[in-house]
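Peer 1: I would like the atomic coordinates for the input below:
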Amino acid sequence: MRRYGLIGRPLGHSFSARYFAEKFRREEIADCRYDLFELPEIDRLPALLEEYPDLCGFNVTIPYKRSVFDFLQDVSDEAQRIGAVNCVRRDGGRLTGYNTDIEGIRLSLSLLLQGADPGAALVLGTGGASQAVQYALAEAGIPFSIVSRDAARGNLTYADLTPDMLKEYRLIVNATPVGTFPHAEQAPELPYEALGGTHYLFDLVYNPERTLFLQRGAEHGAHTLNGLPMLEAQAEASWRIWNGPIF
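Peer 2: Presented below is the predicted three-dimensional model:
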């Protein structure tokens, strides 16, 4: 049996186990399973690895995409530059970290923008997912500002955002968990009335499929995309890493 999984907290919203179960069935992959491992703290990872010697690789989600570095023997160059790991390959006692979120973000931005120039972007949040978004935007040559509830962690706070400002920032990426099931009634605090047909909203959240953030944007004519394409792309990239040659 080859076992894979996801570590993080909380995991009640995750579709990852469902995605891989469907993949195994569709592609007739036998003797594999994918489990959710909700860890109360990242320090529980060594005990998890000891309990499951058949765990060949795992994904990492909130809030451990940065703290997992302390448990890795090696990290890919790209994950090192991004500053976050969401995929770990296990070879015996050796753990190597990668970032496959970046593949999903590149794909999602391409699907959403369709070649359009959004001017500049607002990145909501400062966690590991936000770091991958920032990396992808810099790579694409799209200037951005980071929005945080804590003024010390971002360029802007939510209180700083004005309707006039959104004339410049026409791409808004929600890289926070706000709006994730079971808190689907929540949405980032933005001047939604300033949005229009030249705005693009990308929500990394995929459960619910249409978050309140995306609903409010669509009501004002904005182009929207949820996190499902990103989930699928990063999952497939993780599978290739877990089952490919060591690099």
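Peer 1: what is the mean pLDDT for the longest helix anywhere in the chain?
Peer 2: Among the segments of the chain that qualify as a helix by DSSP state H, the longest is helix 228-243. Mean pLDDT, taken over the full extent of helix 228-243, equals 97.
Peer 1: let me know the secondary structure of R90.
Peer 2: strand (DSSP: H, G, I helix; E, B strand; the rest coil).
Peer 1: so it touches Y52, yeah?
Peer 2: No. In this structure R90 lies outside contact range of Y52 using Cβ atoms under 8 Å: 9.7 Å. To be clear about C-beta, it is placed using only N, CA and C from the backbone, and glycine gets the same treatment.
Peer 1: out of those two, which sits in the busier spot?
Peer 2: Applying other Cβ atoms under 10 Å to R90 and Y52 shows that R90 carries more neighbours, namely 19 against 15.
Peer 1: ok, the closest residue to V85 other than its chain neighbours - contacts?
Peer 2: Residue nearest to V85 in three dimensions, not counting chain neighbours: G97, with 3.6 Å by Cβ to Cβ, 6 or more residues apart in numbering. The contact partners of G97, taken as Cβ atoms under 8 Å, 6 or more residues apart in numbering, are V68, F69, L72, D74, V75, S76, A79, V85, C87, V88.
Peer 1: what is G97 paired to in the beta sheet?
Peer 2: V75, V88 (DSSP bridges).
Peer 1: and the pLDDT for it?
Peer 2: We note a pLDDT of 98 for G97 in this prediction.
Peer 1: what does F247 give?
Peer 2: On the pLDDT scale, F247 gets 55.
Peer 1: give me the residues contacting the longest helix of the chain.
Peer 2: Among residues not part of helix 228-243, those counted as contacts by Cβ under 8 Å, 6+ apart are 4, 15-16, 19-20, 23, 56-57, 59, 86-87, 89, 98, 100-101, 103-105, 107-108, 111, 204, 206, 209.
Peer 1: let's go with 7 Å and repeat that
Peer 2: Taking contacts as Cβ atoms under 7 Å, 6 or more residues apart in numbering, the residues outside helix 228-243 that touch it are 4, 15-16, 19-20, 56-57, 59, 86-87, 89, 98, 100-101, 103-105, 107-108, 111, 204, 206.
Peer 1: select from the residues you listed every entry located in helices.
Peer 2: Here DSSP H is the test, and the contacts of helix 228-243 give S16, Y19, F20, D101, E103, G104, I105, L107, S108, L111 as lying in helices.
Peer 1: mind checking which helix or strand the closest residue in space to the fourth one that isn't next to it in sequence is in?
Peer 2: In this case it means D101. Using Cβ to Cβ, 6+ apart and skipping residues adjacent in sequence, the residue nearest D101 is A132, 4.2 Å away. Taking DSSP states H and E as the definition, one finds A132 inside helix 128-140.
Peer 1: what's the distance between E50 and G93?
Peer 2: Distance, E50 to G93, using Cβ to Cβ, to the nearest Å: 11 Å.
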